[in-house]
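Asks: model the following, please.
(chains A and B)
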Amino acid sequence: EIQLQESGPGLVKPSQSLSLTCSVTGYTITSGYDWSWIRKFPGNKMEWMGYISYSGSTNYNPSLKSRISITRDTSKNQFFLQLNSVTTEDTATYYCARDTMGITRYWGQGVMVTVSS
Amino acid sequence: DVVLTQTPVSLLISLGGQASISCRSSQSLVHSNGNTYLHWYLQKPGQSPQLLIYQVSNRFSGIPDRFSGSGSGTDFTLKISRVEPEDLGVYYCLQRTHNPLTFGSGTKLEIK
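Replies: Sure, this is the predicted structure:
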């Protein structure tokens, strides 16, 4: 069975970088699909942040384009999120997911990240 | 960006009742390939979102036929009949026809 698991610090200081890892088991990330990062803000608002495809190409939400980077380590079957220059408005629960045209069958359990000094 | 306007913001439904959620798009969600990439998700308390309906009206594997999706162009609806306690949570529509992918604002379903 395919499983995704986010990991990373739960607290980040303003102006620093947020770095998260998504570890995937049960499927090789180079075999297919897009590998996405999605976040849910306090309240109900959800935001798609971007993805890295199975081929390694990336697609980012233009609202984040200057701050975001999604990379991968195929040897570890992991992909990563880096978000630079964070503010308190980046406080959210971050999910990694396997996606194709928005059809997201597999999600991680989510990791809550708070931006605070 | 495509704006998806979801209504209502919240619903209070009796067990066994019917719920209807509207998702209206700021532009047509028909892709150049003819498909409409409008999907519905449910996020139950303490869980990750789960896929209910994909491409307007296709129930995902294991989703009961109490859930149905309909619509076209810019106007879409999710109906839940015979509401059960396990249906509570926040429902989202999502579009992937246009980049970037965007979500509706969510509809919270509570059970009387």
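
Asks: thinking residue A:29 is in contact with residue A:74, fair?
Replies: Yes - the criterion here is CB atoms under 8 Å, and residue A:29 meets it with residue A:74 at 6.7 Å. All C-beta spots, glycine's among them, are computed from the backbone N, C-alpha and C.

Asks: so which of the two has more stuff around it?
Replies: Taking other CB atoms under 10 Å in any protein chain shown, residue A:29 and residue A:74 do not tie; residue A:29 has more neighbours (23 against 12).

Asks: secondary structure of that one: a strand, I assume?
Replies: No - applying DSSP: H, G, I helix; E, B strand; the rest coil, one finds residue A:29 to be coil, outside a strand.

Asks: tell me where chain A has strands.
Replies: A:3-7, A:11-12, A:18-25, A:34-40, A:46-53, A:58-60, A:68-73, A:78-83, A:92-100, A:103-107, A:111-115 (DSSP state E).

Asks: what's the closest non-adjacent residue to the closest residue to chain B within chain A?
Replies: Closest to chain B within chain A is residue A:102: 2.8 Å, counting by CB to the nearest CB. Spatial nearest neighbour of residue A:102, chain neighbours left out: residue B:96 (2.8 Å); criterion: CB to CB, 6 or more residues apart in numbering or on different chains.

Asks: got it, and residue A:103?
Replies: residue B:54 is the one closest to residue A:103 (CB to CB, 6+ apart), at 4.8 Å.

Asks: and if you look at residue B:14?
Replies: Using CB to CB, 6+ apart, the closest residue to residue B:14 is residue B:112 (4.4 Å).

Asks: in chain B, which residue sits nearest chain A?
Replies: Taking CB to the nearest CB as the measure, chain B has residue B:96 as its residue closest to chain A, at 2.8 Å.
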